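A.B. asks: here are the coordinates; sequence isn't available:
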């Protein structure tokens with residue numbers, strides 16, 4: 001090798017200064033943050049895709065999803081025909097016919113029928129289910145649930161003579 005490559009000349013190759021180290025560290029941290037954000041976003045997309053696929057297998061033909069509300073126990077899915085609870089154990093279906101009563105509670109512990117004031121909804125059927133207000137979709141969920149489970153007035157038959 002030529003001798004010019006073997007000698008170290010500080011005036012030609014100055015060492016990195018502190019601000020250059022800081023700039024390099026900032027660049028590395030930015031790349032690391034971008035990588036972490038990318039992984040988190042990909043994981044979130046994959047979880048949503050898996051949930052959508054799993055939900056499609058549970059839905060009946062001509063059944064539409066109206067509202068999905070999240071709870072600490074899982075997700076509550078209101079469809080056009082029934083109420084589905086998605087927990088770690090799997091799906092639980094509750095047809096509207098089996099729901100005996102609904103009662104909403106306010107923050108003070110009083111009963112209410114106004115979805116905007118509800119902190120939780122208690123559904124009484126064969127079991128008792130409680131859904132807490134922990135997501136922005138809860139108000140729409142409660143409104144649709146009350147609408148779906150409301151007793152419809154029976155039409156009086158006229159006597160044809």
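C.D. replies: Thanks, I have the structure now. Predicted, not measured: the structure shown is a model, and the values here were computed from it.
A.B. asks: alpha carbons only for contacts and neighbour counts from here, please
C.D. replies: OK.
A.B. asks: spatially speaking, which residue is in the middle of this protein?
C.D. replies: residue 70 (4.9 Å; Cα atoms, centre = their mean).
A.B. asks: That one: which element?
C.D. replies: Applying DSSP states H and E as the criterion places residue 70 in strand 65-71.
A.B. asks: pLDDT (mean, whole number) over that strand?
C.D. replies: For strand 65-71, the mean per-residue pLDDT is 91.
A.B. asks: For that strand, which strands pair with it and how are they oriented?
C.D. replies: strand 74-79 (antiparallel) (DSSP bridges).
A.B. asks: Can you name the element that comes right after the partner strand?
C.D. replies: Once the chain leaves strand 74-79, the next helix or strand it forms, by DSSP H and E, is strand 82-87.
A.B. asks: how far off strand 65-71 does that next one point, in degrees?
C.D. replies: Angle between the axes of strand 82-87 and strand 65-71 is 30 degrees (criterion: axes from the mean of the first three to the mean of the last three Cα atoms, to 10 degrees).
A.B. asks: Relative to the whole chain's centre, how far out is strand 82-87?
C.D. replies: When distances are taken as Cα atoms, centre = their mean, to the nearest Å, strand 82-87 is centred 13 Å away from the chain's centroid.
A.B. asks: what's the answer for stretch 23-40, then?
C.D. replies: 27 Å.
A.B. asks: how about it: buried residues?
C.D. replies: Using 16 or more other Cα atoms under 10 Å as the test for burial, stretch 23-40 gives no buried residues.
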